[in-house]
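**Q** Here's my sequence, what's the structure:
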Amino acid sequence: MGELAALIIQSVAGIVLPACIVKWDESHLGPDRLRRAWPPASFWCAVVAFGIFCLPFHFLRTRGVRRGLALGLGWLVLAAGALLGLGMALGS
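**A** Down below sits the predicted model:
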């Protein structure tokens with residue numbers, strides 16, 4: 001696969017994966033926690049600008065410090081592993 005195609009696929013995956021994780025998590029939140037989640041414009045700014053690094057902040061906002069940090073770092077590691085695996089599969 002061409003290097004440009006691999007770069008585009010990885011860039012898109014770096015946005016889509018955290019967006020899916022956050023949206024999936026938001027679909028399971030109660031009303032109190034959902035109120036603390038990002039509004040749509042802020043959500044997309046965070047996901048596009050920071051990629052997987054927005055995950056700990058989402059969980060911190062919606063869960064509080066201890067549980068949020070643990071969940072956020074766990075999802076960050078899983079997402080990084082998935083993106084690393086994608087990069088290896090694409091040969092870059």
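
**Q** In the chain, what residue spans correspond to helices?
**A** 3-27, 31-36, 40-50, 55-63, 65-90 (DSSP state H).

**Q** among the ones you listed, which is the most enclosed?
**A** Greatest average neighbour count among those goes to helix 55-63 (a mean of 20), per mean count of other CB atoms under 10 Å. Heads up, the C-betas are built off the backbone N, CA and C, glycines and all.

**Q** what's the angle from that one to helix 40-50?
**A** Here helix 55-63 runs at an angle of 150 degrees relative to helix 40-50 (axes from the mean of the first three to the mean of the last three CA atoms, to 10 degrees).

**Q** angle of helix 55-63 against helix 65-90?
**A** Using the same axes, to 10 degrees: helix 55-63 against helix 65-90 is 150 degrees.

**Q** tilt between helix 55-63 and helix 3-27?
**A** Using the same axes, to 10 degrees: helix 55-63 against helix 3-27 is 10 degrees.

**Q** which helices and strands does helix 55-63 pack with?
**A** helix 3-27, helix 31-36, helix 40-50, helix 65-90 (3 or more CB pairs under 8 Å, 6 or more residues apart in numbering; DSSP states H and E).

**Q** Make a markdown table from those and add distance to residue 56 and mean pLDDT to it.
**A** Formatted as a markdown table, these follow (distance: least, CB to CB, whole Å; pLDDT from 0 to 100):
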| stretch | distance to residue 56 | mean pLDDT |
| --- | --- | --- |
| helix 3-27 | 11 | 95 |
| helix 31-36 | 14 | 95 |
| helix 40-50 | 10 | 95 |
| helix 65-90 | 3 | 96 |
